[in-house]
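Trainee: Mind folding the following:
(one chain, ligands or ions: 1)
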Amino acid sequence: MTAAIPAPRGLPIVGNGLQVPVEGTHQFFADLAAQHPGGLFKLNLAGRHVVFVYDPDLVAEVCDESRFYKPVDGPLGDVRDFAGDGLFTAREDEEVWGQAHRILLPAFSQRSMKAYFPQMLEVAQDLIGAWESRTVVDVTDDMTRLTLDTIALAGFGQSFKSYEQVELHPFLQAMGNALTEVMHRARQLPLVTRLKREADGKYRSDIAVMQETVDEVIRARRASGEKSNDLLGLMLDAADPVSGGQLSDENIRNQVLTFLIAGHETTSGTLSFALHLLLRNPHVLAQAYAEVDRVLPGDTVPTYEAVMRLDVIPRILDETLRLLSPIPFIGLASREATLLGGKYEIPAHQKIGVLMRPLHINPVAWPDPEAFDIDRWLPERKAEHHPHGYKPFGNGERACIGRQFALTEARLALAMVLQRFAVADPDGHQLTIKQTLTIKPDDFRLRIRVRQDHE
Ligand code: HEM
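Mentor: Down below sits the predicted model:
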């Protein structure tokens, strides 16, 4: 027996399109999920039908790569305007995805993180230095500076030194503008996008600025003949172990842009949400301070080995990514017509969205789901987790290649902030969310004070 997929009532032609708010999209989907406890619902977004899934058993099915794939359309299709066939926006039938994936995978293994550690430390020290002269800090903005500077320095030897600049680097301005335009386009009809000639011209010129900046970095690196074991060095030199082919300069440019985009907002959102959640949960904050004082006493400069010994801080990040995952959903599509959950009919090429927060707080997978409980991540309790109840880094072959990079960078930064500062939130920050391609806290300020000895 088949069953109809629950679908909130919409209007003729536009369907549910006009119901999706411009601000607060994240909350809109969370509310719809709460109203549909069966773990899925369907929306008609002006003729584009999408099935949203958040029951872990159904998610297990859509994560089966023999039945579902990652389509590159919607906002991701627009990001392709500048990230081209880079890993994030490559289509599954593009051979270059496999070549780049195989070439880059070793550079993102946990072992490789030791090589990037000095650059991660240098940028984290810039953040600490900038905060030492302040009493109130804009957390989300400064975490974004940290993560952008880190991927640019560790990945491509580019020093943005964002904490020292009043004006953003032209590349960063262009990238911010282009990402904002992508979000506008996601919310307007294609015809409106075509009519907005001026916005389109600005978008094209921002893309040109980004591409020219990166092309110049690649040209300069080639001209210098310098051999470096950063991501750029690897892409310029390494050959694909399967085909023996090398990446073209155009593809390398697309990968550099991809890493700069994919590699910063997500990690900065995670760090900002982690601080927000720590202030809401003072007993966990106390555990974090105790750990930092044990592993990094006084002014000890962190080493890679010390950061790898941390245990509370990694669990704080795991739990933050469960409750407030910076990527709110991932898009998939069915290869062929199929049945979901043994009863829901799914036609071929049906768009599917896995909704991250509704999945991560689904009581089928998580007891007491709203509690910020870092002990869920103790090794002995991980066996209790539903195998498909947690997807902050996506799924299968198209899952995040930068996971270890992000987690190493975030562990180091969070540990150094707590080592140096007492953090407080006297006005009780009410979480509001800013949504672009990712979500992060909006207007989140903290009061900070340099910690005294024995504090
Ligand atoms: C893909 C999350 C940090 C590079 C993804 C995907 C997710 C994700 C959910 C899959 C997207 C999809 O299916 O469409 C995160 C989170 C991060 C993070 C939560 C931080 C906490 C990073 C960093 C880098 C990076 C630091 C690079 C240095 C990428 C790339 C892909 C990707 C290149 C595409 C992989 C492929 O399709 O081959 N990430 N990411 N990410 N991420 Fe991350």
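Trainee: what's Thr213 in contact with, if anything?
Mentor: 170-171, 174 (Cβ atoms under 8 Å, 6 or more residues apart in numbering). Quick note: C-beta positions are derived from backbone N, CA and C, even for glycine.
Trainee: Now do the lowest-mean-pLDDT helix or strand in the chain: everything it contacts.
Mentor: For the chain, counting by mean pLDDT, DSSP states H and E, helix 190-195 ranks last in confidence among helices and strands (a mean of 77). Defining contact as Cβ under 8 Å, 6+ apart, one finds that helix 190-195 is touched by 185, 199-200.
Trainee: Let's see if you can find the most crowded of these.
Mentor: Among the contacts of helix 190-195, the one with the most neighbours (other Cβ atoms under 10 Å) is Arg185, at 21 neighbours.
Trainee: which secondary structure elements does the helix or strand containing it contact?
Mentor: Secondary structure assignment for Arg185, by DSSP states H and E: helix 170-187. Packing partners of helix 170-187 (3 or more Cβ pairs under 8 Å, 6 or more residues apart in numbering; DSSP states H and E): helix 74-83, helix 197-224, helix 249-262.
Trainee: about what we covered before: closest to Leu278 out of the contacts of helix 190-195?
Mentor: Arg185 (35.8 Å; Cβ to Cβ).
Trainee: isn't Gln287 right next to Leu310, touching?
Mentor: No - the criterion here is Cβ atoms under 8 Å, and Gln287 misses it with Leu310 at 11.5 Å.
Trainee: how near is the closest residue to Phe372 other than its chain neighbours to Pro190?
Mentor: Excluding the flanking residues, the one nearest Phe372 by Cβ to Cβ, 6 or more residues apart in numbering is Asn281, at 4.8 Å. Between Asn281 and Pro190 the computed distance is 45 Å (Cβ to Cβ, to the nearest Å).
Trainee: ok, the residue in the chain positioned nearest to the ligand - contacts?
Mentor: Proximity to the ligand, evaluated over the chain using Cβ to the nearest ligand atom, is greatest for Gly402 at 2.2 Å. Gly402 makes contact with 108, 259, 262-263, according to Cβ under 8 Å, 6+ apart.
Trainee: The same query, at a cut-off of 6 Å, please.
Mentor: Contacts for Gly402 (Cβ atoms under 6 Å, 6 or more residues apart in numbering) come out as Gly263.
Trainee: follow-up on the earlier one: touching the ligand at all, the helix holding Arg185?
Mentor: No - among the residues of helix 170-187, none lie within reach of the ligand under Cβ under 6 Å from any ligand atom; the closest is 13.9 Å away.
Trainee: tell me which residues in that helix are buried?
Mentor: Neighbour counts using 16 or more other Cβ atoms under 10 Å place 171-172, 174-175, 177-179, 181-182, 185-186 of helix 170-187 among the buried residues.
Trainee: Just the CA coordinates for it, please, in CSV.
Mentor: Only the C-alpha atoms of helix 170-187 are listed here, as CSV (Å, rounded to 0.1, in the frame of the first residue of the first chain):
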residue,chain,number,x,y,z
PRO,A,170,38.7,43.7,-2.5
PHE,A,171,38.6,39.9,-3.0
LEU,A,172,36.7,39.4,0.2
GLN,A,173,34.3,42.3,-0.7
ALA,A,174,33.7,40.7,-4.1
MET,A,175,33.1,37.3,-2.6
GLY,A,176,30.7,38.7,0.0
ASN,A,177,28.7,40.5,-2.7
ALA,A,178,28.6,37.5,-5.0
LEU,A,179,27.3,35.2,-2.3
THR,A,180,24.6,37.8,-1.3
GLU,A,181,23.5,38.0,-4.9
VAL,A,182,23.3,34.1,-5.0
MET,A,183,20.9,34.3,-2.1
HIS,A,184,18.8,37.0,-3.8
ARG,A,185,18.6,34.8,-6.9
ALA,A,186,17.4,31.8,-4.9
ARG,A,187,14.4,33.9,-3.7
